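**Q** Sharing a sequence plus its predicted fold:
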Amino acid sequence: MAKQLQFTKKKSIFNKSLEFPEAPGVYKFYDDTQNIIYIGKAKLLRNRLSSYLSPNKDDTRKLQRLKKSIKFVEFIITDTESDALLLEQSLIRKIKPLFNIQFRDDKSYPAIHISSEHDFPAIFISRKKEKNTTKFGPFANVGAMKENINLVRSIFKIRNCKDLIFNNRSRPCIEYQLEKCSAPCVSEVSKVKYSQDVNDAIKFLSGKTDSVLKNLYEKMDEYSQKKDYERAILYREKIKS
């Protein structure tokens, strides 16, 4: 979330003296009864808000209805577009504006999920509201999200297969050969070890990298002292990653 937010007072959107900022942020639309009817985010508030002031032949019926209902606007300037996305999602969940509910199927952002009700949890990407998962996101930058999940899988080797496939495997798949999965489906890793890897992955995605690095260094030193240099090297490579 942004360290400092700049708020405007609620003003008529048709006020010609109202200047929209060239900055990322969140905007709230009000109807003539002072109710919030829509909340959105923008990379540049000026461009996005200006688009609502004029009709467009490509507008959907819902968007036409929204434009006709807008009487007042309030915007919040954030440091980045990602901050705006997080703030937008938080406000929508809290306020539940009418038009956001109607538009929700048209606009969704992907998130990283780790299943929570399984002996060997999987990591996956979804735009839906998933049950029984630990969620990270949503992500406005899909490329950064995929980079995160690839890094997590290369370090902690968390499976990404569906439960049906997991339950019916008799030998490791290609992900095991690519060193992106520890093959819990065929007992190549213990439940205790896999659970620790999942916990470290959750800490990593939560931004608690210091704790994860401390554990990896301890494991590397432990195997070095045991002269199990092959495993020590594996932990050294995880630390580098």
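**A** Sure, I can see it.
**Q** Please list all residues in contact with the spatially most central residue of the chain.
**A** Central residue of the chain (Cα atoms, centre = their mean): residue 137, 1.7 Å from the mean position. The contact partners of residue 137, taken as Cβ atoms under 8 Å, 6 or more residues apart in numbering, are 109, 110, 111, 112, 145. For the C-beta atoms, the positions are set from N, CA and C on the backbone; glycine is no exception.
**Q** can you count the residues close to the second one?
**A** Residue 110: 16 surrounding residues under other Cβ atoms under 10 Å.
**Q** Go through stretch 158-169 and flag the buried ones.
**A** Residues 158, 159, 166 are the ones in stretch 158-169 that count as buried (16 or more other Cβ atoms under 10 Å).
**Q** Surely the second one is in contact with residue 167?
**A** What it means is residue 159. No - between residue 159 and residue 167 there is no contact under Cβ atoms under 8 Å: 11.8 Å.
**Q** Checking my notes, residue 134 in a strand, right?
**A** Yes - applying DSSP: H, G, I helix; E, B strand; the rest coil, one finds residue 134 inside a strand.
**Q** on that earlier part again, and the pLDDT for the residue nearest to the centre of the chain?
**A** We have a pLDDT of 80 for residue 137.
**Q** do the same with residue 163
**A** Reported pLDDT for residue 163: 92.
**Q** swap in residue 24?
**A** If you check residue 24, the pLDDT there is 92.
**Q** Okay, it and residue 183: tell me how far apart.
**A** Residue 24 sits 43 Å away from residue 183 when distances are taken as Cβ to Cβ, to the nearest Å.
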